[in-house]
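Asker: model the following, please.
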Amino acid sequence: MTRTGRCMCGAVTYKIEGDPIVVAQCHCEECRRVSGTGHTVGAMFRAEQVDISGRFEQYVYTSSKDSQVTKAFCPNCGSPVFGRNTNATEHMTLPLGTMDNADDLEVQVVIFDRDKQHWDVLPETAVIFETQPDWKPEKG
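Answerer: Numbering: from 1, shown residues only. Model (predicted):
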């Protein structure tokens, strides 16, 4: 199977040959901050399966396990492109949200559940819209 994906502006694209090793949802502080929400969802592949085109920037930090984690992103639109970790040098993780089609993928593991934020759920009382609703905030 061939998978494709891109950043929001299309300056960085990728092609992946084959299936992921695992699909994980992560609630650690770093993933929350890089996503701007409560978690990330990524598919880990062997690096040799992934072909990335376009210019990207990288941010490197030290994890709680003392590994070096690289988060790559598009310098144009800021979209996350991939992550790498020195504890798994032959692998890379790509965010499902950047894939053109991830319909066949499902979260298999959740990590750092202890760090999950209480608001990172869909409450049963929430009004849910299929698309952007036609409303404007009231002046207050």
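Asker: burial measure for residue 26, as a count.
Answerer: Burial of residue 26 is recorded as 22 neighbouring residues (other C-beta atoms under 10 Å). Quick note: C-beta positions are derived from backbone N, CA and C, even for glycine.
Asker: the least confident helix or strand in the chain by mean pLDDT: how far from the chain's middle?
Answerer: Across the helices and strands of the chain, mean pLDDT, DSSP states H and E gives its lowest value to helix 29-35, namely a mean of 93. Distance of helix 29-35 from the chain centroid (C-alpha atoms, centre = their mean, to the nearest Å) equals 10 Å.
Asker: just list whatever residues bridge to the residue sitting nearest the centre point of the chain.
Answerer: What sits nearest the mean C-alpha location of the chain, by C-alpha atoms, centre = their mean, is residue 95, with 2.9 Å. Judged by DSSP bridges, the bridge partners of residue 95 are residue 42.
Asker: measure it to residue 81 for me?
Answerer: 8 Å (C-beta to C-beta, to the nearest Å).
Asker: tell me the contacts of residue 116?
Answerer: Contacts for residue 116 (C-beta atoms under 8 Å, 6 or more residues apart in numbering) come out as 27, 38-39.
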